[in-house]
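# using only what follows, build the 3D model:
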Amino acid sequence: MSTLTVRNLDEDLKIRLRIRAAENGRSMEAEVREILAQVLLDDEDETETQGMRIIRALSGLRIDELELPSRNEFQRPIDFGDLDE
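Here you go, the predicted structure:
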């Protein structure tokens, strides 16, 4: 294990860290380890491509059951109503 010293930490940040650690029942040191692990492990997920994210998001959908319009239908013109008003 390595040791990391953080100097010039803003006092307000240190207080917030102390409160967060107490709320989670950890020491400040353990809280910092947890925060770093969460942030750095989340960065690993960024290697997922946009396409992989789309596939994952759509994986539960049953798109094979969608009723698709016939390809030989022409698109209907848009009715803008009476534009002379």
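
# how far off centre is the longest helix anywhere in the chain?
Secondary structure of the chain per DSSP state H: the longest helix is helix 28-44. In this view, helix 28-44 has its centroid 17 Å away from the chain centroid, taken as C-alpha atoms, centre = their mean, to the nearest Å.

# and L66, how many neighbours does it have?
Residues near L66, counting by other C-beta atoms under 10 Å, number 7. C-beta: built from backbone N, CA, C; applies to glycine.

# likewise R33?
14.

# now do it, the pLDDT please.
At R33, the pLDDT value in this model is 91.

# same check on the one 10 residues further on?
Reading off the per-residue confidence, D43 sits at a pLDDT of 59.

# same check, this time on R26
Listed pLDDT for R26 reads 91.

# and the gap between it and L13?
17 Å (C-beta to C-beta, to the nearest Å).

# low-scoring stretches of this structure, by residue?
For the chain, the stretches with pLDDT under 70 are 42-47, 73, 84-85.

# please consider this matter closed, and thank you.
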